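1. Sequence plus the predicted model coming up.
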Amino acid sequence: MLFTIGQVTKMYHVRHDTLRYYDKIGLLKPTLKKENGYRYYTIRDLELLEFILLSRQLDIPLKRLQEILNRGNIDDYIKLFSDHESFIEEKIKQLNELKKEVSRFKQKTIAMRNFENDELPEIPTYESIDKTLLFISQKGDESLAEIVKNKDLILITKYNEEGALIVDSILIGFEIFEDESFDIEKYKNYMKYHLKGRYMTFSRKGTVGNMIDFINATISKYGIEDEVLPIIECTFNMVRLDESTIHFAKIYIPIHE
């Protein structure tokens, strides 16, 4: 039984150009090629095509595949599939990790959606905090994407020349833990910060500007006279193209007693 190139492309969802390329390099030649250019494939050709397409899904280079097909050695086939069995297992591991990460972000997004900002209470919430934070300069040579992957980002505040409280746009931070294998010394531009003591804590969502306005209102309401430097720990950041990023965050305001 013969199959036209059109029938083959429909059955296997492969492009005409791909089949012609396989013909050109001698990987899969049609059994019959007429003078008018029509190509016809047999069942054997289709079996070979299925093997080729499977190999391509496993990212096996065409050159290696061609060598195996030319030799026809069964040990080559066994090694080929053993190697790519490991490849698939690694892919499954990566996908499972990605699934966990997506699930984590989904839960954070749901929590952000369900959260409503409260008015400042008459009596604030206090917590005893003991965290080690690492702030890295965004102007450094390090790859921030690699460093902060799967971390809640932390913003630190400072006072500008006019005495107004602002977020330090140069530094980006995250918490580090004792049992975490993290080589701090390899980063040239960093600042280690020990968040320890008694803090007012508030959960909020909004832009950085909203956060600063809230902090200023808090400092005013509770009569905090010291020039404190609050920390903003962002649990989730909803990035938007046309507006400022919306942060779902926990604010830590130090209390000096």
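-> Yep, it's here.
2. going forward, measure contacts between C-alpha atoms and count neighbours the same way
-> Noted.
3. check contacts around Met238.
-> 245-247 (CA atoms under 8 Å, 6 or more residues apart in numbering).
4. So among those, which ones count as buried?
-> Neighbour-count burial (16 or more other CA atoms under 10 Å) applied to these gives 246-247.
5. Would you report the backbone torsion angles of Phe81?
-> With angles defined as degrees, to the nearest 10, Phe81 sits at phi -80, psi -30.
6. Past whichever strand or helix holds Arg113, which element shows up next along the chain?
-> Counting by DSSP states H and E, the element that carries Arg113 is helix 74-114. Once the chain leaves helix 74-114, the next helix or strand it forms, by DSSP H and E, is strand 126-137.
7. now that following strand: how far from the chain's centre is it?
-> Computed by CA atoms, centre = their mean, to the nearest Å, the chain-centroid distance of strand 126-137 equals 24 Å.
8. Residues contacting it, please?
-> In contact with strand 126-137 (CA under 8 Å, 6+ apart) are residues 170-177, 189-201.
9. Pull out the CA atoms of that strand and give them to me as CSV.
-> The C-alpha trace of strand 126-137 is given here as CSV (Å, rounded to 0.1, in the frame of the first residue of the first chain):
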residue,chain,number,x,y,z
TYR,A,126,3.8,43.5,67.3
GLU,A,127,6.1,40.6,66.5
SER,A,128,9.5,39.6,67.7
ILE,A,129,11.5,39.1,64.5
ASP,A,130,14.8,37.3,63.9
LYS,A,131,15.7,37.0,60.2
THR,A,132,18.9,37.2,58.3
LEU,A,133,18.5,39.1,55.0
LEU,A,134,20.8,39.6,52.1
PHE,A,135,20.6,42.7,50.0
ILE,A,136,22.3,42.7,46.6
SER,A,137,22.9,45.7,44.4
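10. Hmm, Leu153 is touching Ile172, no?
-> Yes. In this structure, Leu153 is within contact of Ile172 by CA atoms under 8 Å, at 6.8 Å.
11. so where do the helices sit in the stretch 151-257 of the chain?
-> Listed in chain order, the helices found in the stretch 151-257 of the chain under DSSP state H, counting those that start in this stretch are 208-221.
12. show me where pLDDT drops low in it?
-> 181-188, 243, 257 (pLDDT under 70).
13. Could you give the backbone dihedrals for Ala164?
-> The phi/psi pair for Ala164 (degrees, to the nearest 10) is phi -90, psi 140.
14. which secondary structure elements does the helix holding Arg113 contact?
-> strand 231-238 (3 or more CA pairs under 8 Å, 6 or more residues apart in numbering; DSSP states H and E).
15. what's the angle from the helix holding Arg113 to strand 231-238?
-> 110 degrees (axes from the mean of the first three to the mean of the last three CA atoms, to 10 degrees).
16. Show me the residue at the heart of this protein, geometrically.
-> Here the mean C-alpha position of the chain is nearest to the C-alpha of Lys149 (CA atoms, centre = their mean), at a distance of 6.8 Å.
17. In terms of helix, strand or coil, where does it fall?
-> Following DSSP: H, G, I helix; E, B strand; the rest coil, we place Lys149 in the coil state.
18. so how far is Cys234 from it?
-> 13 Å (CA to CA, to the nearest Å).
19. same thing with Ser55?
-> As defined by CA to CA, Ser55 lies at a distance of 44 Å from Cys234.
20. higher neighbour count, the two?
-> Cys234 (21 against 17; other CA atoms under 10 Å).
21. How about the more buried one: which residues does it bridge to?
-> Leu153, Ala249 (DSSP bridges).
22. Contact partners for it?
-> Contacts of Cys234 were listed using CA under 8 Å, 6+ apart, and they are 152-155, 247-250.
23. farthest-separated two in those residues?
-> The distance between the two most remote of the contacts of Cys234 (CA to CA) is 12.3 Å, for Leu155 and Phe248.
24. Same drill for those two, tell me which one is more crowded.
-> A direct count of neighbours by other CA under 10 Å for Leu155 and Phe248 places Phe248 higher, at 24 against 21.
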